[in-house]
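> Below is the structure, and that's it, no one-letter string:
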Ligand SMILES: Cc1ncc(C[n+]2csc(CCOP(=O)(O)OP(=O)(O)O)c2C)c(N)n1
C-alpha cells in the first residue's frame, strides 16, 4: 500500500466549462493576492502573506471536493482553496483591512487565517501544523456519524517537521479516517530549505512509515493535482482511509510582507521562478487545446479585477470593529 | 470518587450520543484508574477510543471532533503528561470561539488525574498539580472536585458546557471517598464555590484534596473554639469572586491553601482579589500555603512529607492567622 507514486499526466477531459471555471478560479486567487499585497505596500493592510505560485494545487484540490459538503482545514497560503470552497474576495479584503465584517475572525486574527463555518472551513490559529490534528478529529466525527464526507488539510513542507503533523498522519492511518493531508511543498520554510527540514527526498517517503499512500505531484499542473485529489477523495469516501499528497509548488513571493527572499535565495533561482508560474502553464495548455483564446483570457482577467474592485470598495467603506466588542466571545454568552 | 466520574460519563453518554471518549487505555482496560470502566463494553469502539500514545493528538483530534459537532472527552492519563498537548489546549481550544468571532466553538472536556500525597508515591512525574497553568488562560474553565457528589455534578456540567473545560481529578480522592454519589441527574454549576464547613473566625479557601486536609485542621481548631470556615472553590477559573469577597469581608481573616506550588499559584489570585476588594474588612494579612520551591512531590516518603500540605501545616498556618 504505502508507495510513493508519481501521478500520470492528466488529460483535459473535464469539459471546457469546468476547465474555464478552474482557470478563472486561479486568476481570481492570483489577482486578489496581488491586490492584498498592494494594500500592504500602500500601508493600508498591515500584513500580507501570499499564495502566489500555489494556485494550481489549491484549485486542483478544491475542485475535487464537494462544495458545502466536504470540509477543509487550511493554512495561510490557501487563498485560492477557500475561494473555491465558497468564500469571496470581499471576505478576504475585510480581513486584510481588519474590518468588523471579516467573517474569518471579525478583525481578531491576522489576515489569511481562513475560517467560515458556512463553508466548512475550519478556523485556524498561527502555530504551524496544529490544524493537522483538527482535520483528523473532523474525519473522526464523519466516521462516527456514518457520513461519507471528506476533509482536506494543508501545510507546507516545513510544517511536516512538527510533531502534530506526524501524530495526525499516524492517527488517521490507524483509524483509516477520511482525511487528505496536502503538503504544498514550495521548498522553503521562510528561509530554510527543504534539505534542512528532512533527510528524505520527498515528504511522501514518510507515508510508508504511517501506513498510508503517498503521492507526489507537480503542484504547478492543476489537472495533475486534480486527478490525484479526485482519487484520494474517492478512496476516503469509500472508507479506505487517508492519503498524503505532496504537491511541488513555487513560492513566487517572499514568505510574507515582513520578509525579503532576495536575502536568502540565489538570483538564478528567483529569475527562474516566473517560468514556473502555474497560471501561465494552464493558460498555454488551454490555448493549445483551443479552449481559451488570448481575448477570452483577457476578459477573464478583467472580470476578476472588476469583482475585486467592487469588493475593495465595500471593504474600504466597511466599519472597523467596535472596541466594546473586544471582550466578547471568550465563552458562549447569554 | 472514581465511581462518580464513571457514572457521570456513562449517564451523560446515554443521554447525549455526541459524547465520545478518547485517551490512552480508556477502552478495554477502562483507564489506568478505572474511570472509563464499562464504557467500551456499553458504547463500543466508535465512542470509546484507545488513542495512540501521543497527547497532542488526543487533545488535537478531540478539538477537531468538537468542531465537527461532537462533544469529546479527552483523557490524559496523568496531568503530568499534559505538556505535549499544551499547544493544543492554550493556542487552539481556548481561543477557538474568540478567534472566530463566535462562528466556531469547542465543547471539549479534558480530564486528567492530578496531585499526589505522602502515600501516593507518584514522584515528580505522577503527582503534579498544574492547574495554575490553565487558570491563567482566558477561554478555559478549570474544575477540581473534592467530593464524589461534586465530581459527578461538575463533570455533568462540564459535559454540557459549550466551551472547553479542564477537569482535574485528584488521585488521592479516587478511592478515598466511597458512596455518596447522588443518583440520577445531578448538575453542579461550574464557577460556584461551596462552603464545606461554616465558621466565623477564619476562612480557608481551598480546593481538591486539600479541602479534606483543611477540614481536618478546622476540626482540631474547632475543639478549642476557633471556628474556621472552609470554602471549597471547586472551580479555579472562573473563580467565584462573589463568594470569595463576601466571605472574606464577613470573616476578615483569610488563608488560601493548595497542594500546587505556591509561587504564581491560584492562591495568589485569590489573595489578590481579597487584597483589592476586602482591604477594609481584613483583620490580618492574607496568608497562603502551598508547595515549596521544588519541582514536585519526591518519591521517598521522608521527602514527600516536605512537599505535602497536610492538616498539620494547615493547622499551624491557621493558628498563626488566628493570633492576629
Ligand atoms: C509553531 C510555529 N513555529 C514557528 C512559526 C513561524 N512560522 C510561520 S510560517 C513558518 C514557515 C512555514 O513553512 P512551511 O511549512 O514550509 O510553509 P510555507 O510558508 O513555505 O508555505 C514559520 C517558521 C509559527 N507560525 N508556528
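Right, received. Where do you want to start? These figures come from a predicted structure and were not determined experimentally.
> Residue B:139 and residue A:132, how far apart?
Counting by CB to CB, to the nearest Å, the gap from residue B:139 to residue A:132 is 21 Å. C-beta coordinates here come from the backbone N, C-alpha and C atoms, glycine included.
> I should have written residue A:142 there, sorry.
As it turns out, when the distance is counted by CB to CB, residue A:142 lies 16 Å from residue A:132.
> how about whatever helix or strand residue B:56 lives in, does it get close to the ligand?
Secondary structure from DSSP states H and E places residue B:56 in helix B:55-67. No. Applying CB under 6 Å from any ligand atom, one finds helix B:55-67 out of contact with the ligand, separated by at least 11.8 Å.
> could you point out which element follows that helix?
Moving toward the C-terminus from helix B:55-67, the next helix or strand (DSSP H and E) is strand B:71-75.
> looking only at pLDDT, what's the mean for the helix or strand just after that following strand?
Heading C-terminal from strand B:71-75, the first helix or strand you meet, by DSSP H and E, is helix B:86. With pLDDT averaged residue by residue, helix B:86 scores 98.
> again with stretch B:130-140
Stretch B:130-140 comes out with an average pLDDT of 98.
> Now residue B:243. Nearest residue, chain neighbours left out?
Using CB to CB, 6 or more residues apart in numbering or on different chains and skipping residues adjacent in sequence, the residue nearest residue B:243 is residue B:193, 4.3 Å away.
> distance of that neighbour from chain A?
For residue B:193, the distance to chain A under the criterion CB to the nearest CB, to the nearest Å works out to 19 Å.
> ok, back up a step: name the residue in residue B:139 and residue A:132 with the higher neighbour count.
For residue B:139 and residue A:132, the more surrounded residue by other CB atoms under 10 Å in any protein chain shown is residue A:132, and the numbers stand at 31 against 21.
> how far away is the more buried one from residue B:6?
Residue A:132 sits 32 Å away from residue B:6, taking CB to CB as the criterion.
> helix, strand or coil for residue B:166?
The assignment at residue B:166 comes out as strand when based on DSSP: H, G, I helix; E, B strand; the rest coil.
> For whichever residue of the stretch 151-300 of chain B sits closest to chain A, which residues are in contact?
Minimum separation of the stretch 151-300 of chain B from chain A (CB to the nearest CB) falls at residue B:162, amounting to 4.2 Å. By CB atoms under 8 Å, 6 or more residues apart in numbering or on different chains, the residues touching residue B:162 are A:331, A:332, B:105, B:107.
> Work out for me the element the nearest residue to it once chain neighbours are set aside sits within.
Sequence neighbours aside, residue A:332 is the residue nearest to residue B:162 in space, at 4.2 Å (criterion: CB to CB, 6+ apart). Per DSSP H and E, residue A:332 falls between elements, in no helix or strand.
> Chain B versus the residue nearest to the spatial centre of chain A, what's the distance?
Within chain A, one residue has its C-alpha closest to the average C-alpha position: by CA atoms, centre = their mean, that is residue A:78, at 2.6 Å. Per CB to the nearest CB, residue A:78 is found 16 Å from chain B.
> My read is that that residue contacts residue A:58, right?
Yes. Taking CB atoms under 8 Å as the contact criterion, residue A:78 and residue A:58 are neighbours in contact, 5.7 Å apart.
> Could you name every residue contacting both of the two?
Going by CB under 8 Å, 6+ apart, residues that sit against residue A:78 and also against residue A:58 are A:51, A:154.
> Let me see the confidence value for the residue lying closest to residue A:26 once chain neighbours are set aside.
Excluding its sequence neighbours, the residue lying closest to residue A:26 (CB to CB, 6+ apart) is residue A:55, at 4.2 Å. The predicted structure scores residue A:55 at 98 on the pLDDT scale.
> List the residues that contact residue A:55.
A:25, A:26, A:29, A:30, A:80, A:222, A:278, A:279.
> Take those and keep only those in helices.
Assignment to helices by DSSP state H places the following of the contacts of residue A:55 there: A:25, A:26, A:29, A:30, A:80, A:222, A:278, A:279.
> Most proximal residue of the stretch 1-150 of chain B with respect to chain A?
For the stretch 1-150 of chain B, CB to the nearest CB, closest residue to chain A: residue B:64, 2.1 Å.
> is it true that that residue touches residue A:134?
Yes. Distance between residue B:64 and residue A:134: 3.7 Å, which falls inside the contact criterion (CB under 8 Å).
> hey, what's in contact with both of the two?
Overlap between the neighbourhoods of residue B:64 and residue A:134 consists of A:73, A:122, taking contacts as CB under 8 Å, 6+ apart.
> Look up phi and psi at the nearest residue to residue A:318 once chain neighbours are set aside.
Ranked by CB to CB, 6+ apart and with sequence neighbours excluded, the top spatial neighbour of residue A:318 is residue A:99, at 4.3 Å. Backbone torsions of residue A:99, given as degrees, to the nearest 10, read phi -90, psi 160.
> Tell me which helix or strand the nearest residue to residue A:34 once chain neighbours are set aside sits in.
What sits nearest to residue A:34 in space, not counting adjacent residues and going by CB to CB, 6+ apart, is residue A:52, at 7.5 Å. Element membership for residue A:52, per DSSP H and E: none, as it lies in no helix or strand.
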